[in-house]
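In: Okay, sequence plus prediction incoming.
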Amino acid sequence: MNHKLLLAAILLPAVMLTGCETLGGQDGGDVVVEDRGTQVDGGQSADGSDGATSSGAQAGTAFQGHPLDNPQSILSSRVIYFDFDSASIRNEDRAAIKAHAEYLSQHSGASVVLEGHTDERGSREYNIALGERRAKAVRQLLLFQGAVASQIQTVSYGEETPAAIGHDEDSWQQNRRVEITYKTR
């Protein structure tokens, strides 16, 4: 058992009691993420309480379709963006990843493909590897938050399928991403 796994096994029970998760950062440091009752379905929070969605929709305007199709749900956030030359997950994307992990843990028949992408800078080989590291970073957090490994597949497209065509920072930012694609519902 490696050092981080042993540390996680020791600290996980204490962290769960406090309502926070401790995640190993890429630089060897720990990142603490608070559990704030992330909404998983339109109208009900992960903690079981009723209330408005994270986008501010009023209670009583509950979405009647499938939770993955609700544009007001945090589950509609299916693109995770990254900084240049980085596979570190941004703090603002952690709630969406947690919501997807909770959905997967509650729906054993659901599965996702995590598609890693990069901008056009760097060699093809480097970008394939960076896209894979990004997809695996999202996978690791999904697993930590309760998803099962058999529900998650990763693939890297590197720079091959850009979301934005352009040779400027705005385009590059849109291309540095992992897309969460559900295979079955």
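Out: Everything's here; your move. Numbering: from 1, shown residues only.

In: which stretches of this protein form strands?
Out: Secondary structure of the chain (DSSP state E): strands at 20-24, 30-34, 39-41, 44-45, 79-81, 111-117, 152-158, 177-184.

In: Residue ranges in the protein under the pLDDT threshold?
Out: 1-61, 184-185 (pLDDT under 70).

In: top helix in it by residue count?
Out: In the chain, ranked by residue count with DSSP state H as the criterion, the top helix is helix 124-144.

In: who are the neighbours in contact with the residue nearest to A163 when sequence neighbours are not counted?
Out: Nearest in space to A163, with sequence neighbours left out and distances taken as Cβ to Cβ, 6 or more residues apart in numbering, is Q174 at 4.6 Å. No exception for glycine: its C-beta is placed from N, CA and C like everyone else's. Residues counted as contacts of Q174 (Cβ atoms under 8 Å, 6 or more residues apart in numbering) are Y81, P162, A163, A164.

In: tell me the contacts of L75?
Out: By Cβ under 8 Å, 6+ apart, L75 lies in contact with V40, P67, L68, A96, A99, H100, Y103.

In: can you pick the most crowded of those?
Out: Among the contacts of L75, H100 has the most neighbours (other Cβ atoms under 10 Å), with 29 neighbours.
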